[in-house]
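Asker: Structure, please.
(chains A and B)
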There are 2 protein chains.
Amino acid sequence: MSKAESKLTELSELGEFGLIDYLTKNIPIVNESTIKGIGDDAAVLKPTADHVTLLSKDLLIEGVHFDLTYMPLKHLGYKAAVVNFSDIVAMNGIPKQMIVGLGVSSKFSVEALEEIYAGIKKACEVYQVDFVGGDTTSSISGLFISVTVVGEIGEDKVTYRSGADVNDLLCVSGDLGGAYMGLLVLEREKQVFKVNPDMQPDLSQHNYILERQLKPEARKDIIKLFDEKGIVPTSMIDISDGLASEALHICMASKKGCMIYEEKIPIDQNTYDTAKEFNIIPSVAALNGGEDYELLFTIKQEDYDKIKEVEGVTVIGYITDESEGEKLVSNDNQLFKLEAQGWDALKKRELDNLTSDKTNTE
Amino acid sequence: MSKAESKLTELSELGEFGLIDYLTKNIPIVNESTIKGIGDDAAVLKPTADHVTLLSKDLLIEGVHFDLTYMPLKHLGYKAAVVNFSDIVAMNGIPKQMIVGLGVSSKFSVEALEEIYAGIKKACEVYQVDFVGGDTTSSISGLFISVTVVGEIGEDKVTYRSGADVNDLLCVSGDLGGAYMGLLVLEREKQVFKVNPDMQPDLSQHNYILERQLKPEARKDIIKLFDEKGIVPTSMIDISDGLASEALHICMASKKGCMIYEEKIPIDQNTYDTAKEFNIIPSVAALNGGEDYELLFTIKQEDYDKIKEVEGVTVIGYITDESEGEKLVSNDNQLFKLEAQGWDALKKRELDNLTSDKTNTE
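Answerer: Here you go, the predicted model:
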């Protein structure tokens, strides 16, 4: 915050009800399904006929999920909303309504909360989601944001993690590993700043990956393209914890194996260059970095021609029988068991120049 | 916790996914509208035709909303669920599904979380609510619980705060002030315990008010009776912040005034006796104490014969024109302006033996 501390408004000056009224005034309603938003004991929604309701919740906690040293409060609000929208999108659904719970210690000013709310409202505007309720309360220490999102989808289009079948194509949207490399750059600059607070780093060459970390987007656009092209994925998940972990979730839920090709994993040039700068294998950042909020999904082989027309989707492998396990074919054509802790496993490869046994990868 | 610290399981031993799996295994689904509970990116619900969906969220934060010195963890889980069910009930709705977000510091053991979950599950069992999702994550300090509840109600039966009309009867369920007096007893015992930890207080004479504080219930039973008797309240709110504050909410939302009779406010004998012990006017505990989770509602006068048949409902006053303001007629027949800080106002009456001006109560 650049304003002088003395000019800021203390939370206690408004009181609980005053604060909630102040932060939630003039909130627009854009969806027909929202009958009553903020202002009663509960929001009232009118679900669309023949649609199911999707319900998801994520918590973001200061010091665990974000660091206010480098996370601007408006971005934090935006991200808190978007990561929840992403969960709805990962079910092939459209986010429609949102409720926010905010716990704040007295160190935060009213202006700081306004910044967080500005980010949340911006996300609602961009994604056409109605902000229908909230609970703002004091916390003993730190900041936490608890967001619940409600979405909708035609009953026959709900996409679970569990629907992948043998030979289905494994696809991913966008590119991976950027959010993680952005985090590493921010962490490095934080350390530099601690030593020399006058240092003004030029981070412009890292714009792409910093935006991936600080202002992620949910791929609602991809879901809309699915709808236009008549594609219903057989399974889907959003990539919050890294490609490896999410692929294992799909395989476990679907009781299948998979084969992923390292060379097919989409990585942006900025991510690639930064990974090299940090002596990290770029695909490892993609496999284990997390927070990209891209979609990992499977489609039937006959939908291949349709998915080719969806810009920004890459086929990275296919689904196999459960007995085949979850495998990664490396760029040098070796076969690895895919692990959620693949970071360590692959790092070991680099360090030891490990020779793998293609028939025994357990 | 009575077990020796050394026998408890540290959270880190299970890890995030292991912990969530462990805590949420064998969760039953009882409602037809729940298609998919825990285990995917979002829960999937199938709303009943011609019904609206109600959505509410409340946060409970350690040190702000509860004190673990005297709040058993199982009760805390139960209460966290029930206070949210109460918000749905306050819209005349039936709670159906629930999502829980739990932030816990490392001082909590797996066994402690199991206790909280046991309380939540018990509440779900009692109220026939499905536990459909959750997010358990570490916090820097303390414990907080963020619960979101989804409910349902026929579209023509939704009851807002805003529907009260002039001459409607103002009614309350159960009795008031008990939860607050229970809190005062617990706070007193905490102070006694600090001075003399060997003291074993006999709290049995306070059982009723302690249960009101530690294990409140949502009045789903009253909502069911409304349905059976063909009553749709014109407005309703649950009493979480005290009768005065909630009556003001109804008046403000409905743009009306009200007249409440102190002598009609239902107060249990245990509450009454304890209030006297603490030198508190019993009706003041009811007006300002909070956490009773009873229902405050208005009905049309022609429904009076129907409401008489609903056990445990008391008519405490009626709705007036907005220009009349919100008034309280005291036992000694004086007229006071109802205030959310009525505690101070009424206390002042006692202290100063204030003579009010019946025609100028502003």
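
Asker: what's the helix or strand for whichever residue of the stretch 251-362 of chain A sits closest to chain B?
Answerer: Using C-beta to the nearest C-beta, A:A253 is the residue of the stretch 251-362 of chain A that sits closest to chain B, at 7.4 Å. Glycine gets a C-beta too; all of them are placed from N, C-alpha and C. Using DSSP states H and E, A:A253 falls within helix A:243-254.

Asker: From the contact counts, what lies against that helix?
Answerer: strand A:169-173, strand A:235-238, strand A:257-261, helix A:282-288, strand A:295-299, strand A:326-329 (3 or more C-beta pairs under 8 Å, 6 or more residues apart in numbering or on different chains; DSSP states H and E).

Asker: what residue ranges in chain A score low on pLDDT?
Answerer: A:1-6, A:14-17, A:341-362 (pLDDT under 70).

Asker: mind running it again at 50?
Answerer: The model of chain A has pLDDT under 50 over residues A:1-5, A:342-362.

Asker: Now do the contacts for A:I209.
Answerer: A:I209 sits next to A:178-179, A:181-182, A:185, A:268, A:270-271, A:274 when contact means C-beta atoms under 8 Å, 6 or more residues apart in numbering or on different chains.

Asker: Can you name the two of the residues you listed that sit furthest apart?
Answerer: Pairwise distances across these peak at 13.7 Å for A:V185 and A:D268 (criterion: C-beta to C-beta).

Asker: Those residues of the stretch 251-362 of chain A touching chain B, which are they?
Answerer: Within the stretch 251-362 of chain A, the positions adjacent to chain B are A:A253 by C-beta under 8 Å from any C-beta of the partner chain.

Asker: per-domain residue ranges of chain A.
Answerer: Listed domain ranges for chain A are A:5-156, A:161-352 (source: automatic domain parsing).

Asker: And the ones you listed: which comes nearest B:E246?
Answerer: domain A:5-156 (10.0 Å).

Asker: What are the neighbouring residues in contact with the residue most central in space within chain A?
Answerer: Geometric centre of chain A, nearest residue: A:Y293, 3.0 Å, by C-alpha atoms, centre = their mean. With contacts defined as C-beta under 8 Å, 6+ apart, A:Y293 is in contact with A:82-83, A:86, A:179, A:216-219, A:238-240.

Asker: now with 7 Å?
Answerer: Contact analysis of A:Y293 by C-beta atoms under 7 Å, 6 or more residues apart in numbering or on different chains lists A:83, A:86, A:216-218, A:238-240.

Asker: How about A:H65?
Answerer: A:H65 sits next to no residue when contact means C-beta under 7 Å, 6+ apart.

Asker: so how far is B:K7 from it?
Answerer: To B:K7, A:H65 is 31 Å away according to C-beta to C-beta, to the nearest Å.

Asker: Give me the residues contacting stretch A:320-332.
Answerer: With contacts defined as C-beta under 7 Å, 6+ apart, stretch A:320-332 is touched by A:166, A:247-248, A:251, A:255-263, A:335-338, A:361.

Asker: which of those residues count as buried?
Answerer: A:247-248, A:251, A:256-262, A:335-336, A:338 (16 or more other C-beta atoms under 10 Å in any protein chain shown).

Asker: out of the residues you listed, who's nearest A:K308?
Answerer: Of all those, A:K308 sits closest to A:Y261, with 17.1 Å by C-beta to C-beta.

Asker: and the closest one, bridged to which residues?
Answerer: Beta bridges link A:Y261 to A:V329 when assigned by DSSP bridges.

Asker: That one against A:V315, yeah?
Answerer: No. Assessed by C-beta atoms under 7 Å, A:Y261 is found out of contact with A:V315, at 9.1 Å.

Asker: Turn the buried ones among the contacts of stretch A:320-332 into JSON lines, including distance to A:S146.
Answerer: As requested, the buried ones among the contacts of stretch A:320-332 are exported to JSON lines (distance: C-beta to C-beta, whole Å):
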{"residue": "A:A247", "distance to A:S146": "28"}
{"residue": "A:L248", "distance to A:S146": "27"}
{"residue": "A:C251", "distance to A:S146": "30"}
{"residue": "A:K256", "distance to A:S146": "34"}
{"residue": "A:G257", "distance to A:S146": "36"}
{"residue": "A:C258", "distance to A:S146": "33"}
{"residue": "A:M259", "distance to A:S146": "38"}
{"residue": "A:I260", "distance to A:S146": "34"}
{"residue": "A:Y261", "distance to A:S146": "38"}
{"residue": "A:E262", "distance to A:S146": "37"}
{"residue": "A:L335", "distance to A:S146": "42"}
{"residue": "A:F336", "distance to A:S146": "38"}
{"residue": "A:L338", "distance to A:S146": "32"}
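
Asker: which pair in the residues you listed spans the largest distance?
Answerer: Pairwise distances across the buried ones among the contacts of stretch A:320-332 (C-beta to C-beta) peak at 19.9 Å, for the pair A:K256 and A:E262.

Asker: Can you name the residues that contact A:G77?
Answerer: Counting by C-beta under 7 Å, 6+ apart, A:G77 touches A:116-120.

Asker: List just the nearest of these to chain B.
Answerer: A:I120 (14.0 Å).

Asker: In three-state terms, how would that closest one be classified?
Answerer: Applying DSSP: H, G, I helix; E, B strand; the rest coil to A:I120 yields a three-state assignment of helix.

Asker: any idea how far A:I265 is from A:N288?
Answerer: Taken as C-beta to C-beta, the span from A:N288 to A:I265 is 12 Å.

Asker: just to revisit the earlier point, what about the helices and strands packed on helix A:243-254, which gets the closest to A:R212?
Answerer: Among the helices and strands packed on helix A:243-254, helix A:282-288 comes nearest to A:R212, with 11.0 Å by C-beta to C-beta.

Asker: and the closest one, how far from the chain's centre?
Answerer: 16 Å (C-alpha atoms, centre = their mean, to the nearest Å).

Asker: Return the alpha-carbon coordinates of it using CSV.
Answerer: The C-alpha trace of helix A:282-288 is given here as CSV (Å, rounded to 0.1, in the frame of the first residue of the first chain):
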residue,chain,number,x,y,z
PRO,A,282,11.0,-27.0,-18.1
SER,A,283,8.7,-30.1,-18.3
VAL,A,284,9.3,-30.7,-14.6
ALA,A,285,7.9,-27.2,-13.9
ALA,A,286,4.8,-28.2,-16.0
LEU,A,287,4.4,-31.6,-14.4
ASN,A,288,4.8,-30.5,-10.8
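
Asker: Please point out which parts of it sit buried.
Answerer: By 16+ other C-beta under 10 Å, the buried positions in helix A:282-288 come out as A:282-288.

Asker: cool, and stretch A:324-331?
Answerer: Quick answer for stretch A:324-331 (16+ other C-beta under 10 Å): A:325-330.

Asker: can you check stretch A:272-285 too?
Answerer: Buried, per 16+ other C-beta under 10 Å, within stretch A:272-285: A:272, A:274-275, A:280-285.

Asker: The residue of the stretch 251-362 of chain A closest to chain B and B:F297: what is the separation?
Answerer: Distance from A:A253 to B:F297, by C-beta to C-beta: 45 Å.

Asker: more crowded one of those two?
Answerer: B:F297 (31 against 17; other C-beta atoms under 10 Å in any protein chain shown).

Asker: Give the full set of residues in contact with that one.
Answerer: Counted by C-beta under 7 Å, 6+ apart, B:F297 has contacts B:171, B:233, B:235-236.

Asker: Please apply the same query to A:T298.
Answerer: Applying C-beta under 7 Å, 6+ apart, the residues near A:T298 are A:164, A:168-170, A:233-235, A:250, A:319.
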